[in-house]
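1. dropping the sequence and predicted coords here.
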Amino acid sequence: MSQKRRIVVATHNAHKVAEIKAILEVPEWEFVSLDNLGIVEEPVEDADSFVGNARIKARHAHEKTGLASLADDSGLMVDALGGAPGVYSSRYAGETANDEANNCKLLCKLEDTAEKDRTARFVCAVVFIDEEGKETVAEGSLAGRIACEAQGNNGFGYDPLFCPEAYGFTRTAAELAPDEKNAISHRFQALRILSQTLQDTGPSEDTCPSEDTCHSEDTCHSEDTCHSEDTCPSEDTCHSEDTCHSEDTCHSEDTCHSREGGNPSPGRPGPWGWR
């Protein structure tokens, strides 16, 4: 039996490793975490895009282990805020902020924004680096709208405020059952795109088979082009230490208490629950 190819996932979360394994469905790969390899240090994630931060984590894992590595980064982008909170999603209200504080600040920022203008999307970027250092990037997104008040007890992060378009803006992500949420997830999409991209690329066929067949007059004309579009649009970030003075509700006339109806878009459930 041939030895499995080891892939280090740039995380200390064993549950995340298991979920990535289930989504990618590559029996020939063995997925391990940083903890499995005794790596405790964390790289500084200071890029200005999700792809950039995922790349930092993937490169760190690859350089520390010499193995192929996989990393992800994700967050919320609100159109009315110029893409914020973006890469600062987990610390929107400050470095030590929790979900409640982040959601409170988001509601404050959108207090005077009409319902139709509260469009947003969750974005996930994944970066895979093989043993030779070749990089493959994939991204997934989930479109929706920000509600005017928190609803639902499931999920975490901005889920209580995010109404997915796929379900007609009728419920927040925190009101969805796990299978409903998983079927439309931005991370599930990104990982499936990555899987398909790796299958499609495979070994390069654009190089000369051997030195014996590549003569001086029959040169290789393949030119590796750069397909990566690794930067996200610049995101306006909020550097102020704004505190929420509202009671977490919107005072505009366009409230989100009346939500549009609609049928959920079909999707393939993914065996995961993290963002």
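-> Cool, the structure landed.
2. poorly predicted segments of the protein, please.
-> 1, 202-275 (pLDDT under 70).
3. switch the cut-off to 80
-> Low-confidence segments of the chain (pLDDT under 80): 1-2, 15, 19, 201-275.
4. now the most centrally placed residue in the chain: phi and psi?
-> The structure's the chain has its C-alpha centroid closest to residue 124; by C-alpha atoms, centre = their mean the separation is 1.5 Å. Dihedral pair for residue 124: phi -130, psi 130, per degrees, to the nearest 10.
5. residue contacts, it?
-> Contact partners of residue 124, counting by C-beta atoms under 8 Å, 6 or more residues apart in numbering, are 50, 72-74, 139-141, 185-187, 189-190, 275. For the C-beta atoms, the positions are set from N, CA and C on the backbone; glycine is no exception.
6. likewise for residue 171?
-> 151, 152, 163, 164, 259.
7. packing partners of the host helix or strand of residue 54?
-> Element membership of residue 54, judged by DSSP states H and E, is helix 50-65. Under the contact criterion of 3 or more C-beta pairs under 8 Å, 6 or more residues apart in numbering; DSSP states H and E, helix 50-65 touches strand 5-9, strand 68-78, strand 119-129, strand 135-146.
8. right, and those - which one's nearest residue 177?
-> strand 135-146 (15.9 Å; C-beta to C-beta).
9. strands paired with that closest one, and their directions?
-> According to DSSP bridges, strand 135-146 has the following sheet partners: strand 119-129 (antiparallel), strand 162-164 (antiparallel).
10. how big is the angle separating the longest one from strand 5-9?
-> Between the axis of strand 119-129 and that of strand 5-9 there is an angle of 140 degrees, by axes from the mean of the first three to the mean of the last three C-alpha atoms, to 10 degrees.
11. how many residues are close by residue 64?
-> 17 (other C-beta atoms under 10 Å).
12. now do the contacts for residue 131.
-> Residue 131 neighbours (C-beta under 8 Å, 6+ apart): 66, 67, 68.
13. the last one and residue 62 touch, don't they?
-> It refers to residue 68. Yes. Assessed by C-beta atoms under 8 Å, residue 68 is found in contact with residue 62 at 7.2 Å.
14. identify the contacts common to those two.
-> Common neighbours of residue 68 and residue 62 (C-beta under 8 Å, 6+ apart) are 8, 129.
15. neighbour-wise, which of those two wins?
-> Set side by side, residue 68 and residue 62 show more neighbours around residue 62, with 23 against 20, by other C-beta under 10 Å.
16. assign a three-state SS to the residue lying closest to residue 66 once chain neighbours are set aside, would you?
-> Spatial nearest neighbour of residue 66, chain neighbours left out: residue 131 (7.2 Å); criterion: C-beta to C-beta, 6 or more residues apart in numbering. Classification of residue 131 using DSSP: H, G, I helix; E, B strand; the rest coil returns coil.
17. start the count at 179 instead of 1 going forward.
-> Will do, 179 is the new start, and the previous item becomes residue 309.
18. ok, residue 309 to residue 214 distance?
-> 17 Å (C-beta to C-beta, to the nearest Å).
19. point out the most buried one among the strands paired with strand 313-324.
-> Sort these by mean neighbour count, taking mean count of other C-beta atoms under 10 Å, and strand 340-342 sits at the top with a mean of 26.
20. could you point out which element follows it?
-> Counting by DSSP H and E, the next helix or strand C-terminal to strand 340-342 is helix 356-360.
21. moving C-terminal of that following helix, what's the next helix or strand?
-> helix 364-379.
22. and that next one, what other elements does it pack with?
-> helix 192-202, strand 246-256, strand 297-307, strand 313-324.
23. turn those into CSV, columns for distance to residue 270.
-> Below are the helices and strands packed on helix 364-379 laid out as CSV (distance: least, C-beta to C-beta, whole Å):
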stretch, distance to residue 270
helix 192-202, 22
strand 246-256, 9
strand 297-307, 13
strand 313-324, 13
